[in-house]
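Undergrad: how would this look folded up:
(one chain, ligands or ions: 2)
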Amino acid sequence: MAATESASAGTNDHLITSSDPEHPANHICTLCRSFYNLGWVGGTGGGTSIKRGPHIFIAPSGVQKELMQPHNIFVLEHANRSYLRKPLELKPSACTPLFLAAFDRGAGCCIHTHSQWAVLVTLLVEQEAHAKGEDPMGKCFEIEKIEQIKGIPKGRGKSGMLGFFDKLVVPIIENTAHEEDLTQSLEEAMEKYPDTYAVLVRRHGVYVWGDNVQKAKTQAESMDYLFRLAVEMKRLGLPWVA
Ligand SMILES: CSCCC(=O)C(=O)COP(=O)(O)O
Ligand SMILES: [Zn+2]
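TA: Ligands and ions are numbered 1, 2, ... in the order given. Just a heads-up that it's a prediction; the model follows:
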């Protein structure tokens, strides 16, 4: 269902006004500043969305994500996809339908990064498939026996985290000309790999989500650590799986 605008979308400043640093409108701005410093959301790419109660908080599209202020944040009613708050002269993030795909499946926060490590991993998986004479489409990034895998949960509806001897499998989808056109293939990957908390986008980046902000952040950091390590392992000729 596409998002629509409610009659009062220009007002409702109370929805984004709080002295609590963990209020989603404040938290999105703080997180994006730290993600910018990690190289995740530079050049306006990438972003973060948080769901609290019935409301989804969304950054504007095409803005410098590290400079956003709470008054720039959109608020969407999850149940009927209608905007309760729509800052004038701004458009909601093009990632909104992708964030919604994660929220529809129970996530509390979704992080989209343009990390170069994520992009490189998608290229290395593609290169390896070509080297074997295989079709890279539908291939996943797989890695095992690395301690940081323990930073990723076992799966939706399962308790606990992956163990050292578990294999982490992250599906990869093909990029499209427009961010929103990724939605169908992202949802297909989510259905095909119901345990995944991340989907890589070839030559683009990664979507990582979690039950809440803390978990999504931990998972995004763990994933990025593993992507970076995987790139360095490949450079050294070390295999990702035994
Ligand atoms: C140079 S960024 C291109 C768009 C993109 O991939 C992205 O993640 C940012 O989308 P938004 O609409 O949130 O600016
Ligand atoms: Zn993007």
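Undergrad: show me what contacts Ala198?
TA: Counting by C-beta atoms under 8 Å, 6 or more residues apart in numbering, Ala198 touches 170, 206-209, 219-220, 223. For every residue, glycine as well, the C-beta is placed using N, CA and C.
Undergrad: now those as CSV including secondary structure?
TA: Shown next, in CSV, are those (DSSP: H, G, I helix; E, B strand; the rest coil):
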residue, secondary structure
Val170, strand
Val206, strand
Tyr207, strand
Val208, strand
Trp209, strand
Gln219, helix
Ala220, helix
Met223, helix
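Undergrad: who wins for neighbours among those?
TA: Val208 (32 neighbours; other C-beta atoms under 10 Å).
Undergrad: so that one makes contact with Val201?
TA: No: with contact defined as C-beta atoms under 8 Å, Val208 does not count as touching Val201 (11.4 Å).
Undergrad: sorry, back to before: closest one of the contacts of Ala198 to Ala94?
TA: Nearest to Ala94, judged by C-beta to C-beta, of the contacts of Ala198 is Tyr207 at 12.7 Å.
Undergrad: quick one: contacts for the closest one?
TA: Residues near Tyr207 by C-beta under 8 Å, 6+ apart: 95, 98, 102, 110-112, 186, 198-199, 201.
Undergrad: Which members of the residues you listed occur in helices, if any?
TA: 98, 102, 186 (DSSP state H).
Undergrad: and the gap between the first one and Ile111?
TA: Read it as Leu98. Going from Leu98 to Ile111 by C-beta to C-beta, to the nearest Å gives 11 Å.
Undergrad: Ok, the second one next?
TA: Using C-beta to C-beta, we find Ala102 at a distance of 9 Å from Ile111.
Undergrad: list residues touching both of the two?
TA: The overlap between the contact sets of Ala102 and Ile111 (C-beta under 8 Å, 6+ apart) consists of 207, 209.
Undergrad: quick revisit: may I ask which of the contacts of Tyr207 has the most neighbours?
TA: That'd be Ile111 among the contacts of Tyr207, by other C-beta under 10 Å, with 31 neighbours.
Undergrad: so what's that residue bridging to?
TA: Judged by DSSP bridges, the bridge partners of Ile111 are Thr48, Val208.
Undergrad: Tell me the pLDDT of the residue lying farthest from the centre of the chain.
TA: Distance from the C-alpha centroid of the chain peaks at Gly133, with 30.7 Å (C-alpha atoms, centre = their mean). Per-residue confidence (pLDDT) for Gly133: 98.
Undergrad: Tell me how far it lies from ligand 1.
TA: Separation of Gly133 from ligand 1 (C-beta to the nearest ligand atom, to the nearest Å) stands at 31 Å.
Undergrad: How far off centre is stretch 177-186?
TA: How far stretch 177-186 lies from its chain's middle: 13 Å, per C-alpha atoms, centre = their mean, to the nearest Å.
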